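Visitor: whatever this is, show me its structure:
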Amino acid sequence: MIRITYIILFTTCFFNQSCTEDNGQETTADIHPDTTLIDIHGLLEVNGNKIVNKNNEPVSLAGNSFFWSNDGWGGEKYYNSEVVSWLKEDWNTTIVRASMGVEDPGGYLDNKAANKDRVKIIIDAAIQEGIYVIVDWHSHHAEDYVDEAIIFFEEIASLYGDNDNVIYEIYNEPLDISWSETIKPYAISVISAIRAIDPDNLIVVGTPEWSQRIDLAASDPIIGFPNIAYTLHFYTVYHHQWLRDRASAALNDGIAIFVSEWGSVGYSIVDTEANDWMTWCFTNKIIHCNWAVNDKEEEWSILVPGASTNGNWNENDLTEAGKLAKNIILNWPSVNQ
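Guide: Residues are numbered from 1 along each chain as shown. Model prediction:
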């Protein structure tokens, strides 16, 4: 049932050349084969409650989030250019997310060089492929590591700030802490450091309670800096209409939302919430990344244990969640080059 619903929802417009009015994005069969997504859209910018391209058109992209980069966690083996290339070519991925673990064992604080190198591999590969890339400070306690975050993002901004591909995600998932008294001051410190080097690339800020209290950011947004969006995460087993209502209210309050992480159990269980969430993202022109590129034995992984570490996956290499994610990303209406 889910497979049929997605095919109707997404491929009808994706394979139709008359979709400009419906999705606000250009679709054409005449795009030069050497033209990249970045050539078409350029720098992504916040305009009101939408993220728009260089032509001021709302943009909705669909892609993949890599698993934690931490040493020994299993997902780090997929941090290579071959996987990025495979996702772009075989899945039509238009955005990837490098999730650099911070304070947990094997993360940035334990091994800065290895974790930074993994992130840089994904950034370089995304630039080479002409797609967008999120540089994610994948922490649940970032407010405890302000200085480390500033140093890291200053380095990334210095190296990559001239590339329209790059998006900074400065806090993955804060826990149940104050937005106004804790997260917002942290964010302002890190944003100030980035903006001293890179004045315009998109910055995404996590929100309380595992990036689900988007309403708290909407009631007290960050001001004084351009191009700021706010994070919403959802997992379809747990997060239903109540969270979509909260997110819609935040949009109505005027902030831009970025779904840097979402997960579904896939086709093995009739997951109508996945349909409802994708319809919501499509209707509101929301960028989203599926969690996660990994073969760990958990419901959110897109790969079965032992799947190739350099792409070239067939259907048997994908979990039920992976099959669903591929179908969504592959058929997501956007400019296809």
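
Visitor: use CA for all of it now, contacts and neighbours both
Guide: Fine.

Visitor: quick check, residue 136 in a strand?
Guide: Yes - residue state for residue 136 (DSSP: H, G, I helix; E, B strand; the rest coil) corresponds to a strand.

Visitor: could I get the pLDDT score of it?
Guide: Residue 136 is assigned 98 on the pLDDT scale.

Visitor: surely it is in contact with residue 100?
Guide: Yes - Residue 136 sits in contact with residue 100 when judged by C-alpha atoms under 8 Å, with a separation of 5.9 Å.

Visitor: measure residue 247 to residue 254 for me?
Guide: In this structure, residue 247 and residue 254 are 11 Å apart, going by C-alpha to C-alpha, to the nearest Å.

Visitor: now swap in residue 102 and tell me
Guide: Shown here: residue 102 relative to residue 254, a distance of 31 Å by C-alpha to C-alpha.

Visitor: please apply the same query to residue 218.
Guide: For residue 218, the distance to residue 254 under the criterion C-alpha to C-alpha works out to 7 Å.

Visitor: what about the two, which has more around it?
Guide: residue 218 (21 against 16; other C-alpha atoms under 10 Å).

Visitor: can you tell me the SS state at the residue nearest to that one when sequence neighbours are not counted?
Guide: Setting aside the residues directly before and after it, residue 218 is nearest to residue 250 in space (C-alpha to C-alpha, 6 or more residues apart in numbering), at 5.4 Å. The three-state label for residue 250, taken from three-state DSSP, comes out as helix.

Visitor: spit out the contact partners of residue 250.
Guide: Counting by C-alpha atoms under 8 Å, 6 or more residues apart in numbering, residue 250 makes contact with 214-215, 218.

Visitor: now residue 222
Guide: 184, 188, 228.

Visitor: and these, which are buried?
Guide: Neighbour counting over those (16 or more other C-alpha atoms under 10 Å) leaves 184, 188, 228 as the buried ones.

Visitor: among those, which are in helices?
Guide: Members of the buried ones among the contacts of residue 222 lying in helices (criterion: DSSP state H): 184, 188.

Visitor: adding distance to residue 331 and pLDDT, write the buried ones among the contacts of residue 222 out as TSV.
Guide: Shown next, in TSV, are those (distance: C-alpha to C-alpha, whole Å; pLDDT from 0 to 100):
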residue	distance to residue 331	pLDDT
184	36	98
188	37	98
228	28	99
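
Visitor: which one of the buried ones among the contacts of residue 222 is nearest residue 163?
Guide: residue 228 (17.1 Å; C-alpha to C-alpha).

Visitor: out of everything not next to it in sequence, what's closest to that closest one?
Guide: Once chain neighbours are set aside, the closest to residue 228 by C-alpha to C-alpha, 6+ apart is residue 203, at 5.1 Å.

Visitor: now do the buried residues in stretch 56-75.
Guide: 57-71, 75.

Visitor: pretty sure residue 262 sits in a strand.
Guide: Yes - assigned with three-state DSSP, residue 262 falls within a strand.

Visitor: which residues does it bridge with?
Guide: On the basis of DSSP bridges, residue 262 is bridged to residue 234, residue 290.

Visitor: OK, contacts around it?
Guide: Listed by C-alpha under 8 Å, 6+ apart, the contact set of residue 262 reads 233-236, 288-291.

Visitor: show the contacting residues for the spatially most central residue of the chain.
Guide: In the chain, the centroid-proximal residue (C-alpha atoms, centre = their mean) is residue 260; its distance is 3.2 Å. Contacts for residue 260 (C-alpha under 8 Å, 6+ apart) come out as 65, 97, 231-233, 287-290.

Visitor: please redo it, this time with the cut-off set to 7 Å
Guide: Listed by C-alpha atoms under 7 Å, 6 or more residues apart in numbering, the contact partners of residue 260 are 231, 233, 288-289.
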